[in-house]
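Q: Structure, please.
(2 chains)
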Amino acid sequence: MKSLAIALVLGFLPVAALAATKADIEAGRKIATTTSLGNCDACHMFAGADEAGNIGPELKDVKTMIPDRKIFYAIIYDEPARNPRTLMPPFGRNAILTPKQINDVIDFMYTK
Amino acid sequence: MKFAYLALALLVMTPGALASNKPDPASDLKAFQGYFLKRFPKIPLAAYVNGPYDFSKSERAQWKQIMEFPPYQFALDHGRKLFEAKFPNGKSYAACFPHGGIGIAQNYPMFDPKTGRVVTLGIAVNRCRVANGLGKLKLTTGPMADILAYMTDTSRGKTIDVTVPDNPKALAAYQAGKQYFYSRRGQLNFSCASCHVQAAGMHLRGNVLAPALGITASFPLYRSKWGNMGTLVRRFIGCNKKVRSVPDKPDSAAYRDLAYFLTSMSDGLPIAGPGARP
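A: Got it, this is the predicted structure:
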């Protein structure tokens, strides 16, 4: 009963309240720059990206750009839901990235 | 009451609906070419056959260097030999085509009213082989690409002329190709138009995306990444895989119709194949 309560509390904790570890950020960097995963740099310029594309806007000062983590998650999860004409793939909806991987990418991007 | 409603529906639906539903390749062509000319006013129509090379200085330099010693030359010579060789029955490819197959590539893909299907030049070459008791060649690379390189070279500079005839099946094939071009597919959810219209001229990582206008004109082409020649369907398969969708068969109706639509949108541009790409 007690453990269930803890699980519930943990489960409903806003993700942002959990501080990103170095490992999360490194995992996010890897996902963001790997072609078969996030491949974010194919379209977006960001610091540290190698041979980045320019189809999407440059990602810098990302905390100011997308301060709301939930909105950031939604952008990566299914940008076509917000903008049907977008070129950005629906990473979550089409199971290209797992929820954990999306969160890692967000942690990484918030360092940019 | 019911009848009146039906009559009204028919009245509203029929004339307008029919008129607007019938594919209209001529006005599509105007809109398609107009879109690019307006978006990139510095690039003249005929330059679109150069693929991405009018959009990136560094790629253009790299391309010009490649073209000094065209890597397709070997395929071209080999293709000519294959084209001119006699079949075991004593005939050759020339007998299967108008003008002996010389200077005709600009008219393909072509609608065949007999079968009601679109015939690409590669498929026409295979039909010729079958009619002469030979097996079909693979449509993506190898000897077929070499034969097409030779035939296309004899059309170099000639104006692409793939006019869709006013035939219901030809128009349906055109429409299916158009639909394919604009439909999103694959896990990554891209249409051909996503990359080659919407993002034309932009960088997808290191690649400058070729505009869809003129995109068929340099095929077949030698691609350094492939290390050999490839036909247009080889590229279709590659781009479909890139978005993680299941490619169609090289001789499928889907790819015939796609090639038909896409080539017809380049009507009026010069043939620039065989080509070379880094």
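Q: how far is the helix of greatest length in chain A from where the chain is centred?
A: Secondary structure of chain A read by DSSP state H shows that its longest helix is helix A:69-82. Computed by CA atoms, centre = their mean, to the nearest Å, the chain-centroid distance of helix A:69-82 equals 9 Å.
Q: next helix or strand past it?
A: Reading on from helix A:69-82 to the C-terminus, the next helix or strand found by DSSP states H and E is helix A:99-109.
Q: Packing partners of that next one?
A: Applying 3 or more CB pairs under 8 Å, 6 or more residues apart in numbering or on different chains; DSSP states H and E, one finds that helix A:99-109 makes contact with helix A:22-32, helix A:69-82. Every residue, glycine included, has its C-beta placed from N, CA and C.
Q: What lies in contact with it?
A: Helix A:99-109 is contacted from outside by A:15, A:20, A:24-29, A:31-32, A:37-38, A:40, A:46, A:59, A:62, A:69, A:72-73, A:76-77, A:91-92, A:97, using CB atoms under 8 Å, 6 or more residues apart in numbering or on different chains.
Q: which parts of chain A sit against chain B?
A: A:35, A:41-43, A:51-55, A:80, A:85, A:87, A:89-90, A:94-96 (CB under 8 Å from any CB of the partner chain).
Q: Just the buried subset of these, written out for ChimeraX, thanks.
A: Buried residues within the residues of chain A next to chain B, by 16 or more other CB atoms under 10 Å in any protein chain shown, are selected in ChimeraX with:
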select /A:41,42,43,52,53,55,80,87,89,90,94,96
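Q: could you dump the helices and strands packed on helix A:99-109 to a markdown table with mean pLDDT?
A: Below are those laid out as a markdown table (pLDDT from 0 to 100):
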| stretch | mean pLDDT |
| --- | --- |
| helix A:22-32 | 96 |
| helix A:69-82 | 97 |
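Q: and the longest helix of chain A, what does it pack onto?
A: Helix A:69-82 sits against helix A:99-109, with contacts defined as 3+ CB pairs under 8 Å, 6+ apart.
Q: Take the helices and strands packed on helix A:99-109 and lay them out in TSV including distance to B:Asn189.
A: Below are the helices and strands packed on helix A:99-109 laid out as TSV (distance: least, CB to CB, whole Å):
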stretch	distance to B:Asn189
helix A:22-32	18
helix A:69-82	7
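Q: and of those helices, who's closest to B:Asn207?
A: helix A:22-32 (18.7 Å; CB to CB).
Q: How far away from the center of its chain is stretch B:130-139?
A: Distance, stretch centre to chain centre, for stretch B:130-139: 22 Å (CA atoms, centre = their mean).
Q: For it, output the C-alpha coordinates as PDB.
A: Coordinates of each C-alpha in stretch B:130-139 appear next as PDB, following Å, rounded to 0.1, in the frame of the first residue of the first chain:
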ATOM      1  CA  VAL B 130      10.900 -10.600 -74.400                       C
ATOM      2  CA  ALA B 131       9.500 -10.100 -77.900                       C
ATOM      3  CA  ASN B 132      12.800 -11.400 -79.200                       C
ATOM      4  CA  GLY B 133      13.000 -14.400 -76.900                       C
ATOM      5  CA  LEU B 134      15.300 -13.000 -74.300                       C
ATOM      6  CA  GLY B 135      14.900 -12.600 -70.500                       C
ATOM      7  CA  LYS B 136      14.200  -9.300 -68.800                       C
ATOM      8  CA  LEU B 137      17.000  -7.200 -67.400                       C
ATOM      9  CA  LYS B 138      17.000  -5.900 -63.800                       C
ATOM     10  CA  LEU B 139      15.600  -2.300 -64.000                       C
END
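Q: Flag every buried residue along that stretch.
A: B:132, B:137, B:139.
Q: before we move on, back to that, can you go through the contacts of helix A:99-109 and name the buried ones?
A: A:20, A:24-25, A:27-29, A:31-32, A:38, A:40, A:46, A:59, A:62, A:69, A:72-73, A:76-77, A:91-92, A:97.
Q: Show me where chain B dips below the pLDDT cut-off.
A: Scanning chain B for pLDDT under 70 picks out B:1-20.
Q: Close to chain A: what parts of it are there?
A: When proximity is defined as CB under 8 Å from any CB, chain B approaches chain A at B:187-190, B:194-195, B:198-199, B:202-207.
Q: Contacts only, for A:Tyr77.
A: Contacts of A:Tyr77 by CB under 8 Å, 6+ apart are A:90-93, A:102.
Q: same question, B:Gly273
A: With CB under 8 Å, 6+ apart, B:Gly273 has these contacts: B:105, B:149, B:152-153, B:156, B:217-221.
Q: got it, and B:Tyr150?
A: By CB under 8 Å, 6+ apart, the residues touching B:Tyr150 are B:76, B:79-80, B:82-83.
Q: Name the nearest residue to it, sequence neighbours excluded.
A: B:Gly79 (3.4 Å; CB to CB, 6 or more residues apart in numbering or on different chains).
Q: Can you name the helix or strand that the one you found falls in?
A: Per DSSP H and E, B:Gly79 falls inside helix B:73-84.
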